[in-house]
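1. Sequence plus predicted model, see below.
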Amino acid sequence: MTIAKTIARLLSRGMGILLLVTALQACAVKSTYIPRDESETGLRDAAEALGLHIGVAVDAQELENNPKYAQVIQREFSSVVPENALKLDALQPRPGEYSFTQADAILAFARDRGLPMHGHTLVWHRQIPAWIRNEKRSADEAEALLKTHIETVLTRYGTEIASWDVLNEAVGPAGGLHASFWLASIGTSYIPKVFTWARKAAPEAELYYNENDIGISPSGGGSRFTNPLINYKRLMRKSQTTYRMLEKLLARGVPVDGVGLQMHIRPRYRPTRNELQQTLRRFALLGLKIRISELDVALEAPVTEEKLIAQGEIYSDVLAACLAEPQCTGVTIWGLSDAHSWIPQVFKNLDQATLFDENLKKKPAYYSLLNTLKTWCEKEGADSPRCVKSGTVVQRGESR
Ligand code: G3I
């Protein structure tokens, strides 16, 4: 449909100046997508056509109390991950007393809709319940606590939840290992041990190491060192420490199947597409599967239409980097809407990081992702196994 017809249709359907402005800007911005018709297939179908999952972090209470929340998730996403329900403080709030209710509810929602669920996260330096971290514990005692926790959770879920963040954020912000109760109590051996215990408890599950701020690496190219807000040296050290830790674990036969790059993008952390693509390839060459595990793009106040359009470009860059990496299994968005995002709870001047606004209305970033999914094979992926496999390859010169 021509642009004039799109605009005329938008006007005739009274969709408001905002959408018209966006439509006009879409002409200038390569990847923002304006829906031709609400019956358009959503992100889920478009991603599945390319062999990619598109996931979202979910909250059990919202799933239970907000029918529209559940409906949007079912329509747009092909996997879910509990934002908090599978963390140690949620599962074992008191010694030996497990609370699986919220995790079970999310799993039931996923199971009823045929959605795979990713487990997040068995071991982290945060969200450790007070009864564990507030007591000095010997190495043996801390190991027994952690091993029992992992065995208990994976025995319960290890077959239905097919992939897990076994260990989250073990590397510190400037390289080196992140301070943690587990490191202090057990020592560095806690890292290989948790993967070994997990493999034994759930032999079929895919075991991931999950990390933040590792999308920029020495192998990256492009606009490195050009963004004055980014501390490239610090981020390089963090990415290098993570890479070398995984390389050593794999060399020792520690069962790590994949790496999750969280990708919480914000003004001080924004890999270019090329840098991210090179970094994904670097980790993939270790033999690891890749997940973009917690994507969101936080915007600085005041949020303008231009910033929302630019946000869509960044989302599309990350998606395109994953599409271009054959070992990238998918992208998970960290929170369904701006009303559910963790960002404003932590960053006072950042907000509106997700694909849907606080009323669950699709934002330009949603359309940008959908457009990238729908056009990637034509624009750059014609030779990719994702396109050939899905039958969407466009023979050169052939009209669609
Ligand atoms: O469950 C308690 C509730 O009982 C209490 O009334 C309430 C008020 O204090 O707090 C509730 O716990 C909150 C928890 O989320 C569950 O909602 C914590 O305060 C709050 O800090 C916690 O925030 C989560 C954060 O991890 C914890 O560090 C965010 O929702 C979650 O999005 C965020 O996710 C992490 C990933 O797991 C790992 N990667 C980074 C990412 C962002 O920090």
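-> Everything's here; your move.
2. going forward, measure contacts and count neighbours with C-alpha atoms only.
-> Will do.
3. Point me to the residue of the stretch 201-350 of the chain nearest the ligand.
-> Trp342 (4.7 Å; CA to the nearest ligand atom).
4. Under the pLDDT cut-off, which ranges of the stretch 201-350 of the chain? List them.
-> 219-225 (pLDDT under 70).
5. for the ligand, what are the nearby residues on it?
-> Trp342 (CA under 6 Å from any ligand atom).
6. show me where the stretch 201-350 of the chain has helices.
-> For the stretch 201-350 of the chain, applying DSSP state H, counting those that start in this stretch gives helices covering 232-251, 273-284, 305-324, 343-346.
7. Off-centre distance for the first one?
-> In terms of CA atoms, centre = their mean, to the nearest Å, the centre of helix 232-251 is set 19 Å apart from its chain centre.
8. got the buried residues for that helix?
-> 232, 235-243, 245-247, 249-250 (16 or more other CA atoms under 10 Å).
9. burial of the nearest residue to Asn212 once chain neighbours are set aside, as a residue count?
-> Closest residue to Asn212 apart from its sequence neighbours, by CA to CA, 6 or more residues apart in numbering: Gln262 at 4.9 Å. A count of nearby residues for Gln262, using other CA atoms under 10 Å, gives 24.
10. Would you confirm that Gln262 contacts Asn210?
-> Yes - if you go by CA atoms under 8 Å, Gln262 and Asn210 touch, sitting 6.9 Å apart.
11. so what sits against both of those two?
-> Counting by CA atoms under 8 Å, 6 or more residues apart in numbering, the common neighbours of Gln262 and Asn210 are Ser293.
12. Now do the contacts for the closest residue to Ala85 other than its chain neighbours.
-> Of all residues beyond its chain neighbours, the one nearest Ala85 is Ala103 (5.2 Å), with distances taken as CA to CA, 6+ apart. Counting by CA under 8 Å, 6+ apart, Ala103 makes contact with 60, 82, 85-86.
13. How far away from the center of its chain is the helix or strand where Ala103 lies?
-> Using DSSP states H and E, Ala103 sits in helix 101-112. With CA atoms, centre = their mean as the basis, helix 101-112 stands 20 Å off its chain's centre.
14. The chain: strands as residue ranges?
-> For the chain, the strands defined by DSSP state E cover 53-58, 79-82, 118-123, 163-168, 206-211, 258-261, 264-265, 289-297, 299-300, 328-333, 350-351.
15. Reformat those strands as JSON lines; add mean neighbour count.
-> Listed next are the strands of the chain as JSON lines, based on neighbours: other CA atoms under 10 Å:
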{"stretch": "strand 53-58", "mean neighbour count": "26"}
{"stretch": "strand 79-82", "mean neighbour count": "26"}
{"stretch": "strand 118-123", "mean neighbour count": "24"}
{"stretch": "strand 163-168", "mean neighbour count": "23"}
{"stretch": "strand 206-211", "mean neighbour count": "25"}
{"stretch": "strand 258-261", "mean neighbour count": "25"}
{"stretch": "strand 264-265", "mean neighbour count": "22"}
{"stretch": "strand 289-297", "mean neighbour count": "25"}
{"stretch": "strand 299-300", "mean neighbour count": "20"}
{"stretch": "strand 328-333", "mean neighbour count": "24"}
{"stretch": "strand 350-351", "mean neighbour count": "21"}
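16. would you turn these into CSV with distance to Ala142?
-> Compiled in CSV, the strands of the chain are given as follows (distance: least, CA to CA, whole Å):
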stretch, distance to Ala142
strand 53-58, 29
strand 79-82, 25
strand 118-123, 12
strand 163-168, 16
strand 206-211, 20
strand 258-261, 25
strand 264-265, 31
strand 289-297, 28
strand 299-300, 40
strand 328-333, 32
strand 350-351, 37
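17. what's the closest of these to Trp131?
-> When those are compared by CA to CA, strand 118-123 sits nearest Trp131, at 15.7 Å.
18. ok, and does the closest one reach over to the ligand?
-> No - Strand 118-123 does not reach the ligand (CA under 6 Å from any ligand atom); its nearest approach is 7.0 Å.
19. what mean pLDDT does that strand have?
-> The average pLDDT within strand 118-123 is 98.
20. could you give the angle of that strand to strand 53-58?
-> Strand 118-123 and strand 53-58 are oriented at 60 degrees to each other (axes from the mean of the first three to the mean of the last three CA atoms, to 10 degrees).
21. What are the contacting residues of strand 118-123?
-> Against strand 118-123 from outside (CA under 8 Å, 6+ apart): 79-84, 86-88, 150, 161-168, 194.
22. switch to 6 Å and redo it
-> 81, 86-87, 163-167 (CA atoms under 6 Å, 6 or more residues apart in numbering).
23. partners of it, with directions?
-> strand 163-168 (parallel) (DSSP bridges).
24. Using CSV, write out the CA atom coordinates for the partner strand.
-> Below are the C-alpha coordinates for strand 163-168, written out as CSV (Å, rounded to 0.1, in the frame of the first residue of the first chain):
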residue,chain,number,x,y,z
SER,A,163,16.3,-24.0,29.9
TRP,A,164,17.7,-22.2,33.0
ASP,A,165,19.8,-19.3,34.0
VAL,A,166,21.8,-21.3,36.4
LEU,A,167,24.1,-18.4,37.4
ASN,A,168,23.4,-14.8,36.9
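25. quick one: is it near the ligand?
-> No - under the criterion of CA under 6 Å from any ligand atom, the ligand is not reached by strand 163-168; the shortest gap measures 6.8 Å.
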